[in-house]
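Colleague: Provided below for reference: sequence and predicted model.
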Amino acid sequence: MDKHIHTPMTEKKARELRAGDYVYITGTIYTARDAAHKRMQETLAAGERLPIDVRDAIIYYMGPSPAREGRPIGSAGPTTASRMDKYAPKLLSLGLRGMIGKGKRSSEVLEAICANGAVYFAAVGGAGALLSKSIVASELVAYEDLGTEAIRRLEVVDFPVIVVADTEGNNLYETAIKEYASQTTV
């Protein structure tokens, strides 16, 4: 089912989404990859505030390529999400409502998604140039020294994603395999 959501993404909105839904996001999302997540974990361990408010936010696991002339950002394809698995449960406990990446998540992350009323979205890998067309603004907000792994605030319009893991524990990667297997005959 196609759904259009606007950020911030509240828990109520997250609970309305189901694995397999096609979602078009409009509003503010943030980028952060491995190095930024590590730095955020260190910040929290030191008892300091994060550079962004993660409550009801969506983080896109992405490091953009340089922007072409006249564009706010270059290619903007997803990074493998499992690389952030050791950091995600803590951010989810702080109110992070959505994550965008590609690939499977650990059981700990899937449990934290359910426990905290969040969702995991997948963006199509290899389609970074196409995905960048939904990004209308990009602003560096933290960790400039990390280069492409710095945290950026993106303004997006109808950014296309698919719900992979929902608040009820449904996981598209598992259900799609089972459905395919049940429909194939040898």
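Modeller: Done, it's in. Residues are numbered from 1 along each chain as shown.
Colleague: Count the neighbours of the residue lying closest to residue 15 once chain neighbours are set aside for me.
Modeller: Ranked by C-beta to C-beta, 6 or more residues apart in numbering and with sequence neighbours excluded, the top spatial neighbour of residue 15 is residue 167, at 4.9 Å. In short, each C-beta sits where N, CA and C put it, glycine included. Neighbours of residue 167 under the rule other C-beta atoms under 10 Å: 21.
Colleague: what's the answer for residue 4, then?
Modeller: 10.
Colleague: Make sure I have this right: it is in a strand.
Modeller: Yes: Residue 4: assigned to a strand according to DSSP: H, G, I helix; E, B strand; the rest coil.
Colleague: ok, it - contacts?
Modeller: Remark: with contacts taken as C-beta atoms under 8 Å, 6 or more residues apart in numbering, residue 4 is in contact with 23-24, 26, 158.
Colleague: And the longest strand along the chain, what's buried?
Modeller: If you go by DSSP state E, the chain has its longest strand at strand 151-165. Neighbour counts over strand 151-165 (16 or more other C-beta atoms under 10 Å) mark 151-156, 159-165 as buried.
Colleague: tilt between that strand and strand 2-6?
Modeller: 150 degrees (axes from the mean of the first three to the mean of the last three C-alpha atoms, to 10 degrees).
Colleague: and strand 151-165, what other elements does it pack with?
Modeller: strand 22-31, strand 119-122, strand 135-142, helix 172-183 (3 or more C-beta pairs under 8 Å, 6 or more residues apart in numbering; DSSP states H and E).
Colleague: Quick one: these as CSV, columns for distance to residue 48 and mean pLDDT too.
Modeller: Putting the helices and strands packed on strand 151-165 into CSV (distance: least, C-beta to C-beta, whole Å; pLDDT from 0 to 100) gives the following:
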stretch, distance to residue 48, mean pLDDT
strand 22-31, 18, 98
strand 119-122, 27, 97
strand 135-142, 12, 94
helix 172-183, 35, 68
